[in-house]
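**Student:** after the sequence you'll find the predicted model.
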Amino acid sequence: MYKVVSVAAVRKIEAAADAAGISYATMMENAGRIVAQRIAKHTANIEQPRITVIAGPGNNGGDGLVAARVLAEETRAQIRVYLSKKRSEDDTLLAGLRNTNVLIANAEDDQRFRVLQNMVASSDIVVDALFGIGVRLPLQGDAARILQIVNQTLNRLRAEHPPITIISPTAPSDVLHPAVPLILAVDCPSGLDCDTGQMDRNTVHANETITFIAAKPGLLTFPGAAAVGTLLVSDIGVPANLPELQHERSALVDGAYVRQRLPARPLDSHKGTYGRALIISGSPQYIGAPGLAARAAYRAGAGLVAVAAPPQATQALAGHLLEAIWYPLDDPSDSQQIVGSALKDSSAVLIGPGLGTADTTFELLNSVLNNPLPPTVIDADGLNLLALMRDWPERIPRQTVLTPHPGEMARLTGLTVSQIQSNRLAVCRDSAAAWKAVVVLKGAHTVIADPQGDTAVLPFKTDALATAGTGDVLAGTILGLLSQGISPFAAAAVGAYVNGLAAAVACQRLGSSRSVMAGDVAACLGQAFSLVESVPVAPE
């Protein structure tokens, strides 16, 4: 996995790599070549693509100039470079460009920025290499004005060339997009604070961002994450065993990481091999929650799933989920005894989806926590009930998996939602350490932390998961993995990744993220697991 590293830590890693023999010049050359390769891939079907590189005065601009030189030397692309500040005559990067047919323009010579407007308007790809990870906000002077001009030009092109839709009575509509250039950001969109995710109002939203060495927190934190587009992380020659890099505890989850941590499926197995999962869930108002969680637990590979729920839920769901065992919780006085008995045979337990917060459910949770518990997931109303208990962190089993959304996290921590959302990684990490639990802070770029300080960030940001019941599917998926014996942190990371991937698959099946329902995500878990299982894994 690629690490998630602060700007200060990236500086230290670069310095350590330079001291180890991977010079700054080599890293810049590698970064520029990677950008050039990506551009060449995007323009493979264009006979003579037109590329504009907007280059700043620092290392980010240097990456862009290397990319321009490589493209000029190795492709048929027409390359134009726009310098926000003139570089010295002995600049080696400019010297490399002078031997090519690259057009070089300087902002200080460009009256009213007409050259910039023409460059952007006539490009297939615009490379944003103005500022990198060291930007200070707000942007001022020519830098702000350059980005303003780029945005104005892009908006004018969109207005002048609206999408053309071909209506077919027998097939989905085919939309022909206008020739608006693709925006590719180098390391980060210019004007984005790579630590906080805050960004300048003039920041140009990228279609794609290529960042180097590691992902940066600001690329994964809103509002900045909305300007990143598709995020690519690339190695530029920094040794993976460099201590300064290895010591970082946060990482971006990828398919290879998840593939390595999937529970084994031996051919001579039986249902007992994969554990017995218990779900304590549901209420008369939230009948579907236990069914979504149970279906997800089975799709995640659990050997047997039992559901303790109100009779309204068990009666409604039993005919639709024939594989589950049902424990109707009718009489409150008997419920605690029924659940206590079911816990004795369980390999893992999920508490909370759709449970409600009535006094009887509070007493039920209180009773459950008095039992010796197997690996435990607490979600939804289970978390809301915990927040009413003064000493709850001491009562939950160690390495419990808590799965709050920001609102639930606010109730558990006493912080506001905005405080949580502006510093998701740190809040999640600190909470996990304080509560001695694995915390899954849900949302765009879900964050997972364990009490030891390891933090995982999910690559998904999609509105397909912004619908009722998807949290129940996630909790059930984690439960199913826990029942098979993998660690709580691995179960949370694998479950959250597969859940996000299933949402992406559901979007493809339905053709629109707005139409995805929680049941669609659960139905696509099998295909998501199949995609993960197909990921090649290098031996550790």
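**Tutor:** Cool, the structure landed.
**Student:** got the contact list for residue 31?
**Tutor:** Residues counted as contacts of residue 31 (Cβ atoms under 8 Å, 6 or more residues apart in numbering) are 63, 66, 186-187, 212, 234, 236. Every C-beta, even on glycine, is put in place using the N, C-alpha and C of the backbone.
**Student:** that one belongs to a helix?
**Tutor:** Yes - according to DSSP: H, G, I helix; E, B strand; the rest coil, residue 31 belongs to a helix.
**Student:** quick revisit: farthest-separated two in the contacts of residue 31?
**Tutor:** Spanning the widest gap among the contacts of residue 31 are 66 and 234, at 13.6 Å by Cβ to Cβ.
**Student:** more crowded one of these two?
**Tutor:** Each of residue 66 and residue 234 has its neighbours counted (other Cβ atoms under 10 Å); residue 66 has more, 27 against 16.
**Student:** partners of the helix or strand encompassing residue 53 in the sheet?
**Tutor:** Element membership of residue 53, judged by DSSP states H and E, is strand 50-55. Here strand 50-55 has these sheet partners by DSSP bridges: strand 78-83 (parallel), strand 125-129 (parallel).
**Student:** quick one: the helices in the stretch 351-500 of the chain?
**Tutor:** 359-368, 381-386, 392-395, 406-413, 417-421, 424-435, 470-482, 488-510 (DSSP state H, counting those that start in this stretch).
**Student:** buried stuff in the first one?
**Tutor:** Judged by neighbour count using 16 or more other Cβ atoms under 10 Å, the buried positions of helix 359-368 are 361-362, 364-365, 368.
**Student:** can you list which of the contacts of residue 31 are found in strands?
**Tutor:** The strands, defined by DSSP state E, take in 186, 212, 234 from the contacts of residue 31.
**Student:** can you lay out the residues you listed as JSON lines showing pLDDT and distance to residue 272?
**Tutor:** Output for the ones in strands among the contacts of residue 31, formatted as JSON lines (pLDDT from 0 to 100; distance: Cβ to Cβ, whole Å):
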{"residue": "186", "pLDDT": "98", "distance to residue 272": "53"}
{"residue": "212", "pLDDT": "98", "distance to residue 272": "48"}
{"residue": "234", "pLDDT": "96", "distance to residue 272": "45"}
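**Student:** ok, and what's touching stretch 432-442?
**Tutor:** Outside stretch 432-442, the residues that touch it by Cβ under 8 Å, 6+ apart are 393, 396, 398-406, 409, 420, 424, 427-428, 431, 446-451, 453, 471, 474, 478, 488-489, 492, 496.
**Student:** before we move on, the earlier item: tell me the most buried of the strands paired with strand 50-55?
**Tutor:** Neighbour counts (mean count of other Cβ atoms under 10 Å) averaged over each of the strands paired with strand 50-55 peak at strand 125-129, with a mean of 28.
**Student:** C-alpha coordinates for that strand, PDB please?
**Tutor:** Output in PDB follows, covering the C-alpha atoms of strand 125-129 (Å, rounded to 0.1, in the frame of the first residue of the first chain):
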ATOM      1  CA  ILE A 125      -4.700  18.300 -22.100                       C
ATOM      2  CA  VAL A 126      -3.700  21.000 -19.700                       C
ATOM      3  CA  VAL A 127      -1.100  20.000 -17.100                       C
ATOM      4  CA  ASP A 128      -1.400  21.900 -13.800                       C
ATOM      5  CA  ALA A 129       2.200  22.100 -12.600                       C
END
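**Student:** what lies in contact with the helix or strand following that strand?
**Tutor:** Beyond strand 125-129 on the C-terminal side, the first helix or strand identified by DSSP H and E is helix 141-160. Contacts to helix 141-160, defined as Cβ under 8 Å, 6+ apart, come from residues 54, 56, 82, 84-85, 107-108, 113, 116-117, 120-121, 126, 128, 130-131, 138-139, 178-181, 183, 190-191, 200, 202-204.
**Student:** now do stretch 333-346
**Tutor:** 276-278, 280, 306, 308, 327, 329, 349, 360, 363-364, 367-368, 371-374, 483.
**Student:** average model confidence for it?
**Tutor:** Stretch 333-346 shows an average pLDDT of 93 in the prediction.
**Student:** quick one: contacts for residue 80?
**Tutor:** Residue 80 sits next to 50-53, 102-105, 119, 123 when contact means Cβ under 8 Å, 6+ apart.
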